[in-house]
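Student: my questions concern the predicted model and sequence given below.
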Amino acid sequence: MREKRPIPWYWWPLWMTILAAGLFVFYVLFTPVWIGIRLVSWLAERRNHAGEPAPPT
């Protein structure tokens, strides 16, 4: 088995930039959208259950 060559230095900034962009998209853009969808779903479910009579005990 051959030993692998070291990775050239100029790839590291590119990979770190792509990683930072991916983290930004996931945590800054997608998380608030996901929380908003969950909030709308929770409100719709709560509104839907508000009109139902209480189950008999």
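Tutor: Nice, thanks for sending it over.

Student: contacts and neighbour counts: CA atoms only from here.
Tutor: Will do.

Student: can you show me the helices along this protein?
Tutor: 11-24, 31-50 (DSSP state H).

Student: tabulate the ones you listed in a markdown table, adding columns for distance to residue 3, mean neighbour count and mean pLDDT.
Tutor: Listed next are the helices of the chain as a markdown table, based on distance: least, C-alpha to C-alpha, whole Å; neighbours: other C-alpha atoms under 10 Å; pLDDT from 0 to 100:
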| stretch | distance to residue 3 | mean neighbour count | mean pLDDT |
| --- | --- | --- | --- |
| helix 11-24 | 19 | 11 | 96 |
| helix 31-50 | 42 | 11 | 91 |
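
Student: what about those, which gets the closest to residue 5?
Tutor: Of all these, helix 11-24 sits nearest to residue 5, with 13.4 Å by C-alpha to C-alpha.

Student: dump the closest one to PDB, restricted to CA.
Tutor: Extracted as PDB, the C-alpha positions of helix 11-24 are listed here (Å, rounded to 0.1, in the frame of the first residue of the first chain):
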ATOM      1  CA  TRP A  11      -7.300  23.300  -0.200                       C
ATOM      2  CA  TRP A  12      -7.800  24.000   3.500                       C
ATOM      3  CA  PRO A  13      -9.200  27.600   3.200                       C
ATOM      4  CA  LEU A  14     -11.600  26.400   0.500                       C
ATOM      5  CA  TRP A  15     -12.800  23.500   2.600                       C
ATOM      6  CA  MET A  16     -13.200  25.700   5.700                       C
ATOM      7  CA  THR A  17     -15.100  28.300   3.700                       C
ATOM      8  CA  ILE A  18     -17.500  25.700   2.300                       C
ATOM      9  CA  LEU A  19     -17.900  24.300   5.900                       C
ATOM     10  CA  ALA A  20     -18.600  27.700   7.300                       C
ATOM     11  CA  ALA A  21     -21.200  28.400   4.500                       C
ATOM     12  CA  GLY A  22     -22.900  25.100   5.200                       C
ATOM     13  CA  LEU A  23     -23.100  25.800   8.900                       C
ATOM     14  CA  PHE A  24     -24.500  29.200   8.200                       C
END
